[in-house]
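Asker: my questions are about this predicted structure, shown below with the sequence.
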2 protein chains.
Amino acid sequence: MSNRRLTTTSYALLSQLSLRPWSTYELARQSARYFRYVWPRAESAIYREVKQLAQAGLVESRKEFVGRRARTVYSISKAGLAELREWFDTPPSPIAMEFEGMLRLFVAPVATTEQVRAALEQVRADNLQMIDFGGEVKQEYLDGRGALQDQVYVRALAIDFFVSLMNTVDAWVERTLGEIATWDHLSVTERNERALEILAQVPVDTPAAPTPATPVVPESQRRSPRYPRG
Amino acid sequence: MSNRRLTTTSYALLSQLSLRPWSTYELARQSARYFRYVWPRAESAIYREVKQLAQAGLVESRKEFVGRRARTVYSISKAGLAELREWFDTPPSPIAMEFEGMLRLFVAPVATTEQVRAALEQVRADNLQMIDFGGEVKQEYLDGRGALQDQVYVRALAIDFFVSLMNTVDAWVERTLGEIATWDHLSVTERNERALEILAQVPVDTPAAPTPATPVVPESQRRSPRYPRG
């Protein structure tokens, strides 16, 4: 095996290839379908990675013909599977999120209310499209035509997660747009008073004992992708 | 203004600096607290970016002395604010997530059940730490000692989101660990039968009309960060 350090992107690809072989075209499709919500990387990065993994002997590629059209099909090698199995015993990194819509909410004090509203309407529209997509994927597996239908016992749990996430986003955008609708009639001081009432209702326990002046992010959130090598 | 193309990371930093000035130390702290869950980038990338923005004249830096210790304080320039305001009118990119724990669930067919369970226990533990942190931040703002206390009308809505998200993750991990506990007693066929029942209960509407053989991710999810320049 090469000395090149494997990244989570490497493992994400090896994982995908450990479940069944995929053609280049199918990998591209999968990159939009799954990678984006699990380990978002540019399609170009995924192609580059699969080629490097092939060079390192962790992935095997073979040419297949569908009629007269050639296509490359990738599968995991024995060495790749061994690498992957080592990774299974390392702790996964914590969830991280790219949420540009939230950045747009953060700048509310310097943006117009209309700009913030428009950004959140966009978040809602994108999310509703994803909810529709979630419904289609649910139906796909219920119909028995999923790409990993023989692994529906795993996929159902993932679909459950993404639908729960999207429903959470939808409910939040709804109530947030409702709040923003009140801004036109309220001074910042009045908004802040109202916000303290909202905050008091946020469903999380507050600490029993006094906390540091500025709460510090848990150490786990700084855990970086790690793969101990001898 | 420079010709350098601004990225979402640039705008994330300009956004932060538009809300108030921050010292280098405070920015580092903020990068762990907010950036990670909104626009996760390495601390080093954030430092590099703020320096480049200063070179481009979008950010101003000044040295301050706290006793004998010097510190650099960054604030947004007039040109920076103008750039930021242009950005406000562009649509935000859709939510994307890094969720390595889900990658570990995906590989259940080639991992041991114990490995999958351990990975999800880690997701749960990390998430519970974040829930505690959420409670501390809630208390911080209720106590009137938040870093952006005068903008609690915005921050309360963000805290609401992150707590909702973490509660959603927690509930999902709980039921998923419950499912995994059944795997030891079930064949893959039996697990798959059970999964179809779970799937039928996932709270999302399925399409009324037949859908394509393989549902296609909505176009919006491929929207790339864009910033039209003349």
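Answerer: Ah, there it is. Everything numeric here is computed off the predicted structure, so don't read it as measured data.
Asker: contacts, neighbours, all on C-alpha from now
Answerer: Will do.
Asker: how is chain A carved up into domains?
Answerer: Per the record, chain A has its domains at A:8-83, A:100-203, by automatic domain parsing.
Asker: tabulate these (CSV), appending distance to B:Val204.
Answerer: CSV is the format used below for the domains of chain A (distance: least, CA to CA, whole Å):
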stretch, distance to B:Val204
domain A:8-83, 18
domain A:100-203, 6
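Asker: let's have those domains in JSON lines, adding distance to B:Arg41 and mean pLDDT.
Answerer: Formatted as JSON lines, the domains of chain A follow (distance: least, CA to CA, whole Å; pLDDT from 0 to 100):
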{"stretch": "domain A:8-83", "distance to B:Arg41": "13", "mean pLDDT": "91"}
{"stretch": "domain A:100-203", "distance to B:Arg41": "13", "mean pLDDT": "97"}
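Asker: count of residues packed around A:Val188?
Answerer: With neighbours defined by other CA atoms under 10 Å in any protein chain shown, the count for A:Val188 comes to 15.
Asker: could you do A:Asp205 as well?
Answerer: Around A:Asp205 there are 15 residues (other CA under 10 Å).
Asker: and it, what does it touch?
Answerer: B:Asp132, B:Gly135 (CA atoms under 8 Å, 6 or more residues apart in numbering or on different chains).
Asker: any idea how far A:Gly101 lies from chain B?
Answerer: 6 Å (CA to the nearest CA, to the nearest Å).
Asker: ditto for A:Thr113
Answerer: A:Thr113 sits 11 Å away from chain B, going by CA to the nearest CA.
Asker: buried residues in the longest helix seen in chain A, which are they?
Answerer: When chain A is scanned for its longest helix (criterion: DSSP state H), the result is helix A:152-183. By neighbour count on 16 or more other CA atoms under 10 Å in any protein chain shown, the buried set for helix A:152-183 is A:152-170, A:172-173, A:176-177, A:179-180.
Asker: and chain B, which of these reach it?
Answerer: When contact is defined as CA under 8 Å from any CA of the partner chain, the buried residues of helix A:152-183 meet chain B at A:152-161, A:163-165, A:168-169, A:172, A:176.
Asker: ok, A:Glu197 - contacts?
Answerer: A:Glu197 neighbours (CA under 8 Å, 6+ apart): none.
Asker: which strand or helix spans it?
Answerer: Secondary structure from DSSP states H and E places A:Glu197 in helix A:188-201.
Asker: do the same with A:Glu136
Answerer: According to DSSP H and E, A:Glu136 maps onto helix A:113-142.
Asker: so the closest residue to A:Arg145 other than its chain neighbours, which of the three states?
Answerer: Among residues not flanking A:Arg145 along the chain, B:Ala213 sits closest, at 7.3 Å (CA to CA, 6 or more residues apart in numbering or on different chains). With DSSP: H, G, I helix; E, B strand; the rest coil as the basis, B:Ala213 sits in coil.
Asker: B:Ala213: neighbour count?
Answerer: By other CA under 10 Å, neighbour count at B:Ala213 equals 12.
Asker: try A:Val66
Answerer: A:Val66 has 8 nearby residues by other CA under 10 Å.
Asker: equivalent analysis for A:Phe99, please.
Answerer: By the criterion of other CA under 10 Å, A:Phe99 has 20 neighbours.
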